[in-house]
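A.B. asks: Predicted model and sequence follow; I will ask about them next.
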Amino acid sequence: MKRIFITGSTDGLGLAAARTLMAEGHEVVLHARSMKRAAVLAELESQAAGVVIGDLSSADATKAVAEQVNKIGRMDAVIHNAGIYLERSRGTTPEGHARTLAVNTLAPYILTALIERPDRLIYLSSGMHRGGDGSLRDMDWIERRWEPSLAYSESKLYVTALTMALARRWPKVLSNAVDPGWVPTKMGGPGAPDDLEQGHLTQTWLAVSDDPAAKVSGGYWHHRQQGQPAPDALDRDFQDRLMDKLLESTGVALP
């Protein structure tokens, strides 16, 4: 039996992953953005190892989420599932960051740095990461005119590169990225053509399976098959420059 923390587990892929892992007998720590959102977890709360609350668009709230998780105990795996897609405007977090960058990239980085190190890390990427600008120029969209699709693509490029950097820096931790496909969640919309079940089962498989195929690090996965991420994500220089940018943006150092 494993203990797994899943961000963004009130709906979509995160909730599906939580249900699957609980049905398999694992301890699952759930996450909701607010107390109001946590209400939808009432039916699962009695089965869960805990529910933590915090809006990942806020750095302070994200740090509080990490603190809540650490109080529950060490996780065997963390699934960084939470994300936002195609925000109409840049938005502004309490720290002044673009919301897409804050939720999709900065929050996973902060949580990774502050949560007691697990055995396995799974990050949600997207095939759209291949369309991201790898220059690292104006990551926070201060100078550029806002482009929702490009901002999302870049945030997923960054989190994919973070996955690969961790696989290199933390050799005792299995760090993998998952492209769930365009699935019919609230984010993807009802007309999305991909398989929702395959999307979340890849996450759960990487989190707990003893299958030798799942016990690897630095993989980019789609429906339990390894693929090739964008070249920038695999480039060590890009990874190192990104990590410097993430430290600069958050003030949080990766152990």
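C.D. replies: Now that the structure is in, tell me what you want to look at. Numbering: from 1, shown residues only.

A.B. asks: switch to C-alpha atoms for all contacts and neighbour counts from now on
C.D. replies: OK.

A.B. asks: what's the next secondary structure element after the worst-scoring helix or strand of the chain on mean pLDDT?
C.D. replies: Least confident helix or strand, the chain: helix 42-45 with a mean of 83, by mean pLDDT, DSSP states H and E. Where DSSP states H and E defines the elements, the next helix or strand beyond helix 42-45 is strand 50-53.

A.B. asks: which strands and helices sit next to the longest helix along the chain?
C.D. replies: In terms of residue count, the longest helix belonging to the chain (DSSP state H) is helix 148-169. Contact partners of helix 148-169 among helices and strands, from 3 or more C-alpha pairs under 8 Å, 6 or more residues apart in numbering; DSSP states H and E: helix 99-101, strand 120-124, strand 174-178, helix 231-234, helix 236-250.

A.B. asks: Give the other helices and strands that the second one contacts.
C.D. replies: Other elements packing on strand 120-124 under the criterion 3+ C-alpha pairs under 8 Å, 6+ apart are strand 77-80, helix 148-169, strand 174-178, helix 196-208.

A.B. asks: Go through the ones you listed and name the closest to Gly219.
C.D. replies: With C-alpha to C-alpha, the closest approach to Gly219 among the helices and strands packed on strand 120-124 belongs to strand 174-178: 5.0 Å.

A.B. asks: For that closest one, name the packing helices and strands.
C.D. replies: Looks like strand 174-178 contacts strand 120-124, helix 148-169, helix 196-208, strand 220-222 (3+ C-alpha pairs under 8 Å, 6+ apart).

A.B. asks: let's see it at 7 Å
C.D. replies: In terms of contact count using 3 or more C-alpha pairs under 7 Å, 6 or more residues apart in numbering; DSSP states H and E, strand 174-178 is assigned the packing partners strand 120-124, helix 148-169, strand 220-222.

A.B. asks: Take the ones you listed and lay them out in JSON lines including distance to Leu254 and mean neighbour count.
C.D. replies: Below are the helices and strands packed on strand 174-178 laid out as JSON lines (distance: least, C-alpha to C-alpha, whole Å; neighbours: other C-alpha atoms under 10 Å):
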{"stretch": "strand 120-124", "distance to Leu254": "14", "mean neighbour count": "25"}
{"stretch": "helix 148-169", "distance to Leu254": "10", "mean neighbour count": "24"}
{"stretch": "strand 220-222", "distance to Leu254": "22", "mean neighbour count": "23"}
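
A.B. asks: quick revisit: and the longest helix of the chain, average pLDDT?
C.D. replies: For helix 148-169, the mean per-residue pLDDT is 98.
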